[in-house]
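A.B. asks: next comes the sequence, and after it the predicted model I'd like to discuss.
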Amino acid sequence: MIWVVRKYPLVLIPAVTIATEALDRLQPTAASHDRVMVLEVMGRDAGHIALNAGIAGGADVILIPEIPYTLESIAEKIQNVKDKGRNFCPCRCVRGGKG
């Protein structure tokens, strides 16, 4: 049997944990005020923290520098969320994301 062990940098797991907790705290505020909330996390050239924390925290939009995006595509996703009956949309982005 072959075991594959993925080693994470020591700072990744605490950073993802803190970012996920921050998103968890933003969601009730976003819902009660009918807002789109954007949480910016560190990672100018790599979106590992944003991606992992966004998935764990249930973000509807995750912007990372590895994947180009347009404001129109973000607006379309937010409108899709609104059309489904939700009045809030938590978003996660990395500073320096390439749009």
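C.D. replies: Alright, I've got the coordinates.
A.B. asks: tell me the buried residues in stretch 33-52?
C.D. replies: Judged by neighbour count using 16 or more other C-beta atoms under 10 Å, the buried positions of stretch 33-52 are 36-41, 43, 47-52. Using the backbone N, CA and C atoms, a C-beta is placed for each residue, glycine as well.
A.B. asks: closest to residue 82 among these?
C.D. replies: Nearest to residue 82, judged by C-beta to C-beta, of the buried residues of stretch 33-52 is residue 36 at 9.4 Å.
A.B. asks: ok, that closest one touching residue 91?
C.D. replies: Yes - contact criterion C-beta atoms under 8 Å: residue 36 and residue 91 qualify, at 6.3 Å.
A.B. asks: list residues touching both of the two?
C.D. replies: Common contact partners of residue 36 and residue 91 (C-beta atoms under 8 Å, 6 or more residues apart in numbering): residue 78.
A.B. asks: does residue 91 belong to a helix, a strand or coil?
C.D. replies: strand (DSSP: H, G, I helix; E, B strand; the rest coil).
A.B. asks: excluding sequence neighbours, find me the nearest residue to it.
C.D. replies: Excluding the flanking residues, the one nearest residue 91 by C-beta to C-beta, 6 or more residues apart in numbering is residue 61, at 4.1 Å.
A.B. asks: tell me the pLDDT of the one you found.
C.D. replies: Reading off the per-residue confidence, residue 61 sits at a pLDDT of 87.
A.B. asks: how many neighbours does it have?
C.D. replies: Number of residues near residue 61 (other C-beta atoms under 10 Å) recorded here: 19.
A.B. asks: isn't it right next to residue 79, touching?
C.D. replies: No - the pair residue 61 and residue 79 fails to qualify as a contact (C-beta under 8 Å) at a distance of 11.5 Å.
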